[in-house]
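Mind looking at a prediction? Sequence and model below.
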Amino acid sequence: MHDDLHAWWLPLAAAADLAPGRCLKAQHFEEALALWQGGADGPSAFDDRCPHRGASLSMGRVQDGVLECPYHGWRFAADGRCVKVPAVPEFQPPAAHAARTWQVLQRHGLLWVAGQAASDVEPFAPPPLDELPRKRVLCGPFDVATSAPRVVENFLDTAHFGFVHEGWLGARDHVDVPEYRVQADALGRPGVPLYRAWQPQASSAATGGAWVDYRYQVLSPLSALLQKRASAGDTDEAYVLWTSPTGRESCRAWFTIATSDEGADDATLRAFQQTIFAQDQPVLESQRPRELPLSGGEVHSAADRFSAAYRRWLRDIGFGHGCC
């Protein structure tokens, strides 16, 4: 089950992008989906393929609480049932005429989609993260030409700060990685309870450098959490990475920023994250292979113990998507 992406809830779109009456095309790994919302019942997700002649349902119209196929006007209710065939008005469509449906969940400002048999508990479903600061800002999406596990591993890596994020998250006179401990949580997911780093700009609102206490936690094969507090201040911040594979060597990513600074400007927070990821992206897309090697092919140092633990965990649970 761990290697079946239908069992995992994947973020496919920002919830704000799907107002009632709208339909969006989305990608769940290599499967095209139509996300739509007919009314108060919330969003629905179908295969982006009409069961009649295979037309793209995401090109259709949403009206009167149903989705209308753009080709022959077949109409589908939120549960996938075909409720009308306009060319044969008296026809009562049987169950075989239904669109294939997916589960949809709204959390962290995103629409999450999974197969009908998917689990609704961690690590398959997105965690509630109630312990994070209340103010939250969604950043993205970022389309990346590399595998989702490569993006997650980069998020867990601190040794690149002084080179890729020089002047922002790191400095060349502070590139040494201190001793730190990797610890598994109750679900076996690796994390780092405490990591101390020097940062020239510790947060989006920082005006100078500070020592920062980090806490990392892998949330799923495709997501991770970073919490941090600067020693010189009392602002708590958290960054959550969510990735969704669009292929074995491509993905889409979002970041949720949570901060205890209720007055923080949303645009400033987003601009900070966009700057940081713009520094990461070209390096990520240069890595070969694009899939994350789990069985050799790359060497390690002591500074890589966290990313090595992430790779071991993926291998141990049998998760292979985006890995080699």
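Ah, there it is. Residues are numbered from 1 along each chain as shown.

does residue 156 really touch residue 310, like I thought?
Yes: with contact defined as CB atoms under 8 Å, residue 156 counts as touching residue 310 (5.9 Å). In this view, the C-beta of every residue, glycine as well, is placed from N, C-alpha and C.

between these two, what contacts are shared?
residue 218 (CB atoms under 8 Å, 6 or more residues apart in numbering).

neighbour-wise, which of those two wins?
With neighbours defined as other CB atoms under 10 Å, residue 156 and residue 310 compare such that residue 310 has more, 27 against 20.

isn't there a helix covering that one?
Yes: checked against DSSP: H, G, I helix; E, B strand; the rest coil, residue 310 lies within a helix.

so what's it scoring on pLDDT?
At residue 310, the model reports a pLDDT of 98.

now do residue 282
Reported pLDDT for residue 282: 98.

gap between the residue of the chain most remote from its centre and residue 53?
Centroid-distance maximum for the chain: residue 90 at 44.6 Å, with CA atoms, centre = their mean. Applying CB to CB, to the nearest Å, the value for residue 90 to residue 53 is 21 Å.

try residue 138
Distance from residue 138 to residue 53, by CB to CB: 37 Å.

more crowded one of these two?
residue 138 (22 against 10).

name the element that one belongs to?
strand 135-144 (DSSP states H and E).

go on, residue 270?
Assigned by DSSP H and E, residue 270 belongs to helix 266-286.

Show me how far that helix is from its chain's centre.
15 Å (CA atoms, centre = their mean, to the nearest Å).

Can you check what angle separates that helix from strand 135-144?
Angle between the axes of helix 266-286 and strand 135-144 is 30 degrees (criterion: axes from the mean of the first three to the mean of the last three CA atoms, to 10 degrees).

Chain neighbours aside, what residue packs nearest to residue 98?
residue 80 (4.4 Å; CB to CB, 6 or more residues apart in numbering).

Residue 45 is in contact with the one you found, correct?
No: here residue 80 lies out of contact with residue 45, judged by CB under 8 Å, at a distance of 9.7 Å.

Mutual contacts of these two, please.
Contact with both residue 80 and residue 45 is made by residues residue 101, according to CB under 8 Å, 6+ apart.

Residue 306 and residue 224, how far apart?
The value you get for residue 306 to residue 224, if CB to CB is used, is 10 Å.

Now the common contact residues for the two.
156, 216.

Show me the domain layout of this protein.
Segmentation of the chain into domains, based on automatic domain parsing, reads 5-114, 135-317.

Rebuild these as TSV, extending it with distance to residue 127.
What follows is the domains of the chain, written out as TSV (distance: least, CB to CB, whole Å):
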stretch	distance to residue 127
domain 5-114	9
domain 135-317	6
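
Need the per-residue pLDDT for residue 230.
pLDDT, residue 230: 70.

can you offset everything so residue one is 535?
Noted, 535 is the first residue going forward, which turns the last one into residue 764.

what's around it, how many residues?
19.

Hmm, it is touching residue 748, no?
No: using CB under 8 Å, residue 764 is not in contact with residue 748, being 10.6 Å away.

just so I have it, where are all the helices in the stretch 585-734 of the chain?
682-690, 695-698 (DSSP state H, counting those that start in this stretch).

Redo the ones you listed as a markdown table? Include mean pLDDT.
Shown next, in a markdown table, are the helices of the stretch 585-734 of the chain (pLDDT from 0 to 100):
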| stretch | mean pLDDT |
| --- | --- |
| helix 682-690 | 98 |
| helix 695-698 | 96 |
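
Out of these, which one sits most buried?
The highest average neighbour count among the helices of the stretch 585-734 of the chain, using mean count of other CB atoms under 10 Å, belongs to helix 682-690 at a mean of 24.

Identify all contacting residues around it.
Contacts of helix 682-690 (CB under 8 Å, 6+ apart): 678, 694, 750, 752, 755-758, 760, 775, 777-779, 785, 787, 814, 817-818, 821, 824-826, 840-841, 844-845, 848, 855-857.

Drop anything exposed from the residues you listed.
678, 694, 750, 752, 755-758, 760, 775, 777-779, 785, 787, 814, 818, 824-826, 840-841, 844-845, 848, 855-857 (16 or more other CB atoms under 10 Å).
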